[in-house]
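K.L.:
sequence and predicted structure, then a few things I'm wondering about:
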2 protein chains.
Amino acid sequence: MSKKENILFTALALFASKGYDSTSTRQIAVEASVSEGLIFRHFGSKEGLLNAIIVHGISISQSYIQPILALNNPKEVIKRSIQLPLSVPGEDHEFWKLLYTLKWQRSEYEEGAFDSLRQKLTHAFRSLAYQNPELEAQLIEIYIDGLATEILLRKGDAQELTQLILNKYEL
Amino acid sequence: MSKKENILFTALALFASKGYDSTSTRQIAVEASVSEGLIFRHFGSKEGLLNAIIVHGISISQSYIQPILALNNPKEVIKRSIQLPLSVPGEDHEFWKLLYTLKWQRSEYEEGAFDSLRQKLTHAFRSLAYQNPELEAQLIEIYIDGLATEILLRKGDAQELTQLILNKYEL
DNA sequence: ACATAAAGTGAGTAATCACTTACAAAACTA
DNA sequence: TAGTTTTGTAAGTGATTACTCACTTTATGT
């Protein structure tokens, strides 16, 4: 792992656990065993470092959103969407915790990561003749956020909860 | 309004909009038109100020949770719980935004405000002979969080969404 | 009226903040 | 191998941070 990557992952871990604002560039440098100056050489600013983390994380996320977009069976789309939080690998949890944190304090990071998925879900519900496909898709997003919260924050077992939701859609 | 209250509400507004960490005690003092020292006279520390805000907010929250706890009809309990986010007055929105933000970056503030409501909901679902009352109650909490997010963050119209959820329970 | 306490101020404090700069080592290119 | 770019560091910078302290003003109780 290059020093640049090292900075990126150390910063991600710190931002996710203590928050962006209360993590100092000094601390990142110490923890990553690099000089503080190197952070600014590679990323320009603390904000630039955050951006790099987001960009990297979003691109990783596409790897488990893309397969759902490729599905044809609408019921399968809904099922896989609800199962999404459970299917996110543990190594990506830090990133998602950071993203959910930022969502509440930085409007600019209001996740557009799910935009395409919502459209796909709307289509799925429409083809299943649901009365209000847009709202139904929005509801699935609420399930995803709720399950993600359960997993990332309360570290609970979201398996039963996922199953309960799937049952409501007879999936 | 006393200067003490003035500090409390200005701090709430700033914490909610910019976040706790990136709001300085200096800024609070200026905005509230008091000396910075007064903040520490009254609240001891910045953290103490945050605690005072939380305590005050939680006590206000009881005013709209308590009526639900007093209900007898289980269906009514569920209905009113789902309608909870819509029924929170606009003046309390700042506090709830702050609380949701803290939830993601300060584990100590993992809201116990809803503990009694969850118990009540579990009872309600049990008396309605649902197979898994605990999980069903947890799901209602997810709806509440989702609707609150819609209202507090996206400032969307949660009315339709609330109705959709109510329909799912035939309420 | 007078003593005690509570409320309030303004100018400090050391520490920490994000960031810069001058310079050296390493890597790459010819 | 010589020249250039990239990667890296150590020691700073001024600004800002939460918090303190010596002091004055206002309120309160008898």
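P.N.:
Done, it's in. Numbering: from 1, shown residues only, chains lettered A, B, ... in the order given.
K.L.:
now do the contacts for A:R118.
P.N.:
For A:R118, the contact set (Cβ atoms under 8 Å, 6 or more residues apart in numbering or on different chains) comprises A:137-138, A:141. Quick note: C-beta positions are derived from backbone N, CA and C, even for glycine.
K.L.:
confidence score at it?
P.N.:
As predicted, A:R118 sits at a pLDDT of 97.
K.L.:
so where does A:I7 fall, helix or strand?
P.N.:
helix A:3-18 (DSSP states H and E).
K.L.:
buried residues in that helix?
P.N.:
Burial within helix A:3-18, assessed by neighbour count using 16 or more other Cβ atoms under 10 Å in any protein chain shown, is assigned to A:6-8, A:10-16.
K.L.:
can you pull the buried residues of the following helix or strand past it?
P.N.:
Per DSSP H and E, the first helix or strand lying C-terminal to helix A:3-18 is helix A:25-32. For helix A:25-32, a neighbour-count test (16+ other Cβ under 10 Å) marks A:25, A:28-29, A:32 as buried.
K.L.:
near DNA strand D, which residues of chain A show up?
P.N.:
Residues of chain A lying close to DNA strand D by Cβ under 7 Å from any atom of the strand are A:2-4, A:33-38, A:41-42.
K.L.:
tell me which two of these sit farthest apart.
P.N.:
A:S2 and A:E36 (17.3 Å; Cβ to Cβ).
K.L.:
how far is stretch A:82-99 from where the chain is centred?
P.N.:
6 Å (Cα atoms, centre = their mean, to the nearest Å).
K.L.:
which residues sit in contact with the nearest residue in space to A:P74 that is not next to it in sequence?
P.N.:
Distance criterion Cβ to Cβ, 6 or more residues apart in numbering or on different chains; nearest residue to A:P74, sequence neighbours excluded, is A:A124 at 3.7 Å. Neighbouring residues of A:A124 by Cβ under 8 Å, 6+ apart: A:74-75, A:77-78, A:133, A:137.
K.L.:
whatever residue of chain A ends up closest to DNA strand D and chain B, how far apart?
P.N.:
Per Cβ to the nearest atom of the strand, A:G37 is where chain A lies closest to DNA strand D, at 2.9 Å. Distance of A:G37 to chain B, given as Cβ to the nearest Cβ, to the nearest Å: 24 Å.
K.L.:
helices of chain A, start to end?
P.N.:
A:3-18, A:25-32, A:36-43, A:46-69, A:74-82, A:84-87, A:93-105, A:115-127, A:133-152, A:158-168 (DSSP state H).
K.L.:
picking up where we left off before, so between A:S2 and A:E36, which is more surrounded?
P.N.:
A:E36 (14 against 8; other Cβ atoms under 10 Å in any protein chain shown).
K.L.:
hang on, the more buried one packs against A:R26?
P.N.:
Yes: assessed by Cβ atoms under 8 Å, A:E36 is found in contact with A:R26 at 5.8 Å.
K.L.:
and chain A, which residues reach DNA strand C?
P.N.:
A:23-27, A:36-37, A:40, A:45-47.
K.L.:
swap the cut-off to 10 Å and go again
P.N.:
Proximity of chain A to DNA strand C, by Cβ under 10 Å from any atom of the strand, involves residues A:20-30, A:35-41, A:43-50.
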